[in-house]
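S.K.: I would like to see how this sequence folds:
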Amino acid sequence: MLNENKQQETTAPLANQQSFGGHELLDAHEAIGTIIGTLDHFILYSSYVQDQELTSILNRQKEFLTQMYNTIVNTLTSGQVPNIKTQVYEMVENHHSTYGMSQSAPKSPIQTPNELNDECISSAILGHLKAISTGFTTTALEATNPILRRIFADSIPNTIEMAYEVYLYQNKHQYYQVPQLPVQDMQMIRNSFAPVQTGLTH
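M.R.: Modelled structure (predicted):
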């Protein structure tokens, strides 16, 4: 009887700990690492940012990513629904993109920290946010724990929105130019698919 109770005591607490698959834990570990790396770089870049608008974007995103990090870590360690659930990120940039290319100087890697500027910083942050989105997508697809899967899946639209906000900032300042195809080619591609006739209405 004593051995049976001892066995129940050791197996009961393991139920939550074992409700994670190996793949999802490894992917979650890597995905969480991308958030840490991003937040670390927000701190490193903060003293080099010159544009107040970029500072405002980075501060808002840093605060949101920190809460996202805490929510994920809370779920990973407890196996339970987190105390603070996934929020929705609201960007302040408008949705206007400028299309077309204009001549600009060739880019090359900086050689000293003093060369860091707003273009360099915003490009790096955009890369970090894309990495988070990719890592979260992989983790959500591998997750067997329903709570962890949902948190990663629900966080992907937020990281995409943050990346889009940084892109819009870059595009507005001509750091990120968007080339276009000739109008005729664009029309051909856009009209290259036809809808399937169904009884459903959209």
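S.K.: the residue sitting nearest the centre point of the chain sits in which helix or strand?
M.R.: If you average the C-alpha coordinates of the chain and look for the closest C-alpha using Cα atoms, centre = their mean, you land on T159, 3.1 Å from that point. Counting by DSSP states H and E, the element that carries T159 is helix 146-172.
S.K.: leaving out chain neighbours, which residue sits closest to G100?
M.R.: Nearest residue to G100 in three dimensions, chain neighbours excluded: Q180, at 6.2 Å (Cβ to Cβ, 6 or more residues apart in numbering). The C-beta positions use only the backbone N, C-alpha and C, and glycine is treated the same way.
S.K.: tell me the secondary structure at the one you found.
M.R.: The three-state label for Q180, taken from DSSP: H, G, I helix; E, B strand; the rest coil, comes out as coil.
S.K.: what's the neighbour count on it?
M.R.: Other residues lying near Q180 total 10 when counted by other Cβ atoms under 10 Å.
S.K.: correct me, but it touches S97?
M.R.: No: between Q180 and S97 there is no contact, the gap being 10.5 Å when judged by Cβ atoms under 8 Å.
S.K.: roughly how far does the residue nearest to the centre of the chain sit from Q61?
M.R.: Note on T159: its distance to Q61, by Cβ to Cβ, to the nearest Å, is 9 Å.
S.K.: on that earlier part again, so which bits of the helix holding T159 are buried?
M.R.: Neighbour-count burial for helix 146-172, with 16 or more other Cβ atoms under 10 Å as criterion, is recorded at 147-156, 158-171.
S.K.: and it, what does it pack against?
M.R.: helix 22-46, helix 52-78, helix 118-142 (3 or more Cβ pairs under 8 Å, 6 or more residues apart in numbering; DSSP states H and E).
S.K.: using CSV, lay out the ones you listed together with mean pLDDT and distance to A105.
M.R.: Rendered in CSV, the data for the helices and strands packed on helix 146-172 read as follows (pLDDT from 0 to 100; distance: least, Cβ to Cβ, whole Å):
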stretch, mean pLDDT, distance to A105
helix 22-46, 94, 22
helix 52-78, 94, 20
helix 118-142, 96, 11
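S.K.: deepest of those, which one?
M.R.: A comparison of the helices and strands packed on helix 146-172 by mean neighbour count, using mean count of other Cβ atoms under 10 Å, puts helix 118-142 on top with a mean of 20.
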